[in-house]
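Asker: Return a 3D structure for these sequence lines:
(chains A and B)
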Amino acid sequence: AQSVTQLGSHVSVSEGALVLLRCNYSSSVPPYLFWYVQYPNQGLQLLLKYTSAATLVKGINGFEAEFKKSETSFHLTKPSAHMSDAAEYFCAVSDQAGTALIFGKGTTLSVSS
Amino acid sequence: GAVVSQHPSRVICKSGTSVKIECRSLDFQATTMFWYRQFPKQSLMLMATSNEGSKATYEQGVEKDKFLINHASLTLSTLTVTSAHPEDSSFYICSAREQDRDSGYTFGSGTRLTVV
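Answerer: Residues are numbered from 1 along each chain as shown, chains lettered A, B, ... in the order given. Model (predicted):
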């Protein structure tokens, strides 16, 4: 069964600093990988997804993630943090198109001025 | 883009009553919908997968008689929490997959259920 592990339940950065949120996956087949952002009491917004095309995936709001099969990782990065990036971030995996997404435990990103 | 509407956004009910949550795909046909539950400061836990016109598939540990899921059309799935108790208080989120759209999942805005 597939799973994801998000290292670090809480990440704090200064405004303008690099954001790095870590995600490692476990899957017996080539996975579909996703990053979502959630603001308080709201649903999930898709940041980006990997579906076996380019390994470097660019998403919305300046985020990108790189699929590294050798490391079973799909870390999320953003070169320069903005105050509005403060939110909960979830990495998710599915083992085939159409099956339910399995989520990591989430990482809370705090951005200080 | 694909939009999923989830209602109500918040509901407070008395213990022992039932609550229905609706999840609608507004501009696409959703062959499959998923229901998740999220406890405060925690991740989303998959409750069940529903396919249009067939019975839902529940995850282990989820009481199917308590959490009734209906997916009667390609645009609507409902979750009914029956005989609700305070421990059912949680944030419920639906997700819909667009038919034939490669790995496209859209999430509703969630429903905050409080049972008093």
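Asker: What ranges in chain A fall below the confidence cut-off?
Answerer: A:97 (pLDDT under 70).
Asker: near chain B, which residues of it show up?
Answerer: Contacts of chain A with chain B, taken as Cβ under 8 Å from any Cβ of the partner chain, map to A:32, A:34, A:36, A:41-46, A:49, A:51, A:90, A:94, A:97-106. The way it works is simple: take the backbone N, C-alpha and C, and place the C-beta from them, glycine included.
Asker: Pull out the buried residues from those residues.
Answerer: Buried residues within the residues of chain A next to chain B, defined by neighbour count using 16 or more other Cβ atoms under 10 Å in any protein chain shown: A:32, A:34, A:36, A:42-46, A:49, A:51, A:90, A:94, A:98-104, A:106.
Asker: Narrow those to those in strands?
Answerer: Mapping those onto strands (DSSP state E) picks out A:32, A:34, A:36, A:44, A:45, A:46, A:49, A:90, A:94, A:102, A:103.
Asker: Neighbours of the closest residue to residue A:105 other than its chain neighbours, how many?
Answerer: Excluding the flanking residues, the one nearest residue A:105 by Cβ to Cβ, 6 or more residues apart in numbering or on different chains is residue B:43, at 4.7 Å. Using other Cβ atoms under 10 Å in any protein chain shown, residue B:43 has 18 other residues around it.
Asker: what's the distance between residue B:43 and residue A:92?
Answerer: Distance of residue B:43 to residue A:92, given as Cβ to Cβ, to the nearest Å: 9 Å.
Asker: Need the overlap of contacts for these two.
Answerer: Taking Cβ atoms under 8 Å, 6 or more residues apart in numbering or on different chains as the contact rule, residue B:43 and residue A:92 both touch A:103, A:104.
Asker: Kindly check the end-to-end length of stretch B:79-88 for me.
Answerer: End-to-end distance for stretch B:79-88, by Cα to Cα, to the nearest Å: 13 Å.
Asker: oh sorry, the question was meant for stretch B:18-33
Answerer: First residue to last in stretch B:18-33 (Cα to Cα) measures 21 Å.
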